[in-house]
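Engineer: Got a predicted model here, sequence first, then my questions.
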Amino acid sequence: MELSSIKINRPQRYLILLVVYSGALVLSYLLAYQIRFDFAVPPEYQGHLSRVWPIVIVAKLACLWAFGQFASLLTYFSLPDLRRVALSLLLPLVGLLALWYAGVEPVNVGEDGSPASVPRGVILLDGMLSFLSLSMCRLGFRLMRESSGNDVETYSGKRVGIVGAGEVGAALAREFQTKATMKPVVFFDDSDAKKGTMIHGVPVTGPVEGLLEHNEFELDEVIIAMPSAPGERVREIVDLLDALEFRCRTVPAMSQVALGEVITQLRPVEVGDILGRESVYLDPSELNDFYIGKTVLVTGAGGSIGSELCRQLAGLGLARLILVDHSEYHLFEIHAELSGAEVELVPEVLDVRDVPTIETVLQRERPSVIFHAAAYKHVLLMERQPMMAIRNNVLATHQLARVAEEQGVGHFILISTDKAVAPSSVMGATKRLAEQVLQGHALGDNSTSFVTVRFGNVLGSSGSVVPIFQKQIEQGGPVLVTHEAATRFFMSIPEAAGLVLRSAVMGKNRDRFILDMGQPVRIMDLAREMIRLSGYEEGGEIEIQCIGLRPGEKLHEELHASDEQLTDTTQSKIKRIQGADLTAEQWRALEAALEKGAELDGLTARKWLHERLPEFQPEQPD
């Protein structure tokens, strides 16, 4: 019978642990005396067993109980449990030594009438042996569980190689061995220092390129366990494994692991893994001091960036999180997803252009921070409806910022885009004006800090190129690329949202930040990689067609204008924008124009944008 199949209730577990712990402690005491006196204990010390050490053993058992060692499952024992065992035994040890040095150590009368105190060596030896014996008992239970039914003869899982012999790879191998779902047979790692070593009994060889020479391990699958590796290296590994016709999967990214996903939730290699951008681990605990206990409002809470902001905010110890979105469906989705989070959720179905309702919500909820992520962002649609883009992206931002200032909101963070730099589209022009609107409000004498955060495309966001390409591939092609030389900046949605949250922490009034987007990616290369990762070949099975730049689109995006300079911040992935500041005179002119913005129609909206932004010019393709 396997140990894991034996059902033990709580009283039975307490009784078993009491017997095991008591026996281990008594044996440790006896052995400590034997070792101290070279296995010839003098008669005057014999009385200690019946008079002194029962009291000490009871004290140790009480400490073990206080540190949760009777509540632990018998067959599970890890480093946290080991630390708790050490702490529970350290307290009695320190107490006994303190009594000894204070001169009130236990005393017994020997056969000749002379007192015999407990030797210090026995106290120290007993402490060490008690820790060792209890740890070995707990480890023995764990070994019994892991050996039950996991023998090689009964193993039926796939033979896998793991690329990456770091902490993630080691944890993955241990999980496979424990659950017997797969059999790790080799680690591949680029480090010469690790070559020839073993992790959990699995040998570590050199780089994965060694598979080109021979596959002596008879692998069924290779798993990439390097969530922080540069995309270029991941691309090299994927290319190699594709050539060798190995099935390839990877572990969740560090940002996903930080949000609670387990390492064994393997997934196919995605385009974001190989774009060449080095990922950065963003520790959510660094944000707690700023966000804990606060009320935060997110507009566009059902959108790609807004929903990810809400996911991360839900784990930062907020008092309340107000979800604002005009889409009932998207708001329901994110509210349902976060319903189990330890934060009070307040869903509000409303349009950010509805000023009276916005005022009511802010008066009632009194948020300390507002993340304004609501915006119309689709370039082609906004080219056809510039009036709607102005009302939603510019006027609504102006009105929301004004109400936030009136209601004493502490921080107002605007989510902007690289398309606001030297804009060639209506959408980009309206986001550029939204940035200027925030600069204008920041000029006032108020208690609200107005901060802008600008970044490029995020992978997988609604309407972005990646889901569009994916759908075209699923339909059998062709994949439509605007221009062979077109480039864009990309980052993952969790990383973008995490950096936005950090920008809010470090941002002061009038601050403008830009996220480090890495190197631009050719859209043609992106299309080719997505076709390959989907298991198809370019040209034969899926074609790529260049259709030319469409209205409002650029050949290359920029992250900052020529009159803007970037300076470093305490976060390497966040840069501060300096220069091109809005003057008080310019703000007065813009504010007057905003008062007339509500009167615009489809014929005058584009002209109004050109008057406000002379640099707004559609790009002409080469």
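Structural biologist: Looks like it arrived, so ask away.

Engineer: Could you list the low-pLDDT ranges of the stretch 251-400 of the chain?
Structural biologist: By pLDDT under 70, the low-scoring segments of the stretch 251-400 of the chain are 252-265, 267-285.

Engineer: in it, which spans are helices?
Structural biologist: Per DSSP state H, counting those that start in this stretch, the stretch 251-400 of the chain carries helices over the ranges 254-258, 288-291, 304-313, 328-337, 355-365, 379-384, 386-389, 396-406.

Engineer: Please apply the same query to the stretch 451-600 of the chain.
Structural biologist: So, for the stretch 451-600 of the chain - with DSSP H, counting those that start in this stretch - the helices run 465-474, 493-506, 523-533, 584-597.

Engineer: could you dump those to a markdown table with mean pLDDT?
Structural biologist: A markdown table is the format used below for these (pLDDT from 0 to 100):
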| stretch | mean pLDDT |
| --- | --- |
| helix 465-474 | 82 |
| helix 493-506 | 90 |
| helix 523-533 | 82 |
| helix 584-597 | 90 |
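
Engineer: Can you say which of these is packed in most?
Structural biologist: helix 493-506 (a mean of 23; mean count of other Cβ atoms under 10 Å). Backbone N, C-alpha and C define where each C-beta goes, glycine included.

Engineer: Serialize the helices of the stretch 251-400 of the chain to CSV and add fields for mean neighbour count and distance to Pro92.
Structural biologist: Formatted as CSV, the helices of the stretch 251-400 of the chain follow (neighbours: other Cβ atoms under 10 Å; distance: least, Cβ to Cβ, whole Å):
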stretch, mean neighbour count, distance to Pro92
helix 254-258, 18, 38
helix 288-291, 15, 35
helix 304-313, 24, 44
helix 328-337, 16, 48
helix 355-365, 16, 52
helix 379-384, 18, 70
helix 386-389, 22, 72
helix 396-406, 21, 58
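
Engineer: nearest to Val204, of those helices?
Structural biologist: Counting by Cβ to Cβ, Val204 lies closest to helix 254-258 out of the helices of the stretch 251-400 of the chain; the figure is 21.8 Å.

Engineer: Could you tell me whether Cys248 really is in a strand?
Structural biologist: Yes. Secondary structure of Cys248 (DSSP: H, G, I helix; E, B strand; the rest coil): part of a strand.

Engineer: Could you report the neighbour count for the nearest residue to it once chain neighbours are set aside?
Structural biologist: Nearest non-adjacent residue to Cys248, counting by Cβ to Cβ, 6 or more residues apart in numbering: Leu241, 4.5 Å away. Using other Cβ atoms under 10 Å, Leu241 has 20 neighbouring residues.

Engineer: Just tell me which of the helices of the stretch 451-600 of the chain ends up closest to Asp563.
Structural biologist: Among the helices of the stretch 451-600 of the chain, helix 584-597 sits nearest to Asp563 (Cβ to Cβ), with 13.6 Å.

Engineer: For that closest one, enumerate the helices and strands it packs against.
Structural biologist: helix 426-442, helix 605-612 (3 or more Cβ pairs under 8 Å, 6 or more residues apart in numbering; DSSP states H and E).

Engineer: so which strand or helix has Ser28?
Structural biologist: Following DSSP states H and E, one finds Ser28 within helix 10-36.

Engineer: right, so the helices and strands packed on helix 584-597: which one is the most enclosed?
Structural biologist: It is helix 426-442: most buried of the helices and strands packed on helix 584-597 by mean count of other Cβ under 10 Å, with a mean of 26.

Engineer: List the contacts of stretch 184-204.
Structural biologist: The contact list for stretch 184-204 (Cβ atoms under 8 Å, 6 or more residues apart in numbering) reads 159-166, 169-170, 172-174, 176-177, 205-208, 210-211, 217-219, 222.

Engineer: Quote the end-to-end distance of it.
Structural biologist: Stretch 184-204 has an end-to-end distance of 11 Å (criterion: Cα to Cα, to the nearest Å).

Engineer: Kindly report the same for stretch 325-341.
Structural biologist: Start-to-end, stretch 325-341 (Cα to Cα) is 19 Å.
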